[in-house]
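Asker: Next comes the sequence, and after it the predicted model I'd like to discuss.
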Amino acid sequence: MAKWNGPRRLVGVVCLLSAGCTSLRGIARSQYAARAERRNVRLETREHLLYDFDYIQVAGDSLVGFRRRDSEGPIEDFGRLAIPLDEVAKLSARGVDWYRTGVIGGGVIAMVVAAGLSNSNNGSQGGTSGGGKGGTIP
């Protein structure tokens, strides 16, 4: 059963790396309409109201945000809110932060390599140190 220990560790590392680290990154006002749709967006208005949307669409001089509502049917229900672009103070989108993901992933890989090296050293047979007088052990 010990031979399955390695693949279990590998699956654990893959799961950790696939999750990644996310962060909110600000979007410049000139870039609001650069993409037709953005996902996982946080919006702050000039009145300091915060909105988290599943996705937004920018059309003309307004921004339309959509948020999934809980419903008991097979059809997904979305709430819709239109906000004039003049009222938007700050817009941020959540995305994968590859630097943090790389640092954490590198740390996990280093731990796995260190654990593998320590396990391989524990299983090796101790040899002669090469010191002392030559001869055979009775």
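Answerer: Happy to help now that I have it.
Asker: Let me know the pLDDT of Met111.
Answerer: Met111 carries a pLDDT value of 82.
Asker: going forward can the numbers begin at 30, since that is how I track them
Answerer: That works, and once the first residue is 30, the last one we named lands at Met140.
Asker: measure it to Arg129 for me?
Answerer: Noted for Met140: a distance of 17 Å to Arg129, by CB to CB, to the nearest Å. (Glycine included, C-beta is placed from N, CA and C.)
Asker: What of Ala88?
Answerer: 34 Å.
Asker: Of these two, which one has the most company?
Answerer: Arg129 (13 against 10; other CB atoms under 10 Å).
Asker: tell me the contacts of that one?
Answerer: Cys50, Ser52 (CB atoms under 8 Å, 6 or more residues apart in numbering).
Asker: try it again with 7 Å
Answerer: Cys50 (CB atoms under 7 Å, 6 or more residues apart in numbering).
Asker: What's the separation between it and Ser52?
Answerer: Arg129 is 7 Å from Ser52, by CB to CB.
Asker: phi, psi of the spatially closest residue to Gly124 that is not a sequence neighbour?
Answerer: Among residues not flanking Gly124 along the chain, Arg54 sits closest, at 5.9 Å (CB to CB, 6 or more residues apart in numbering). Per-residue torsions, Arg54: phi -120, psi 130 (degrees, to the nearest 10).
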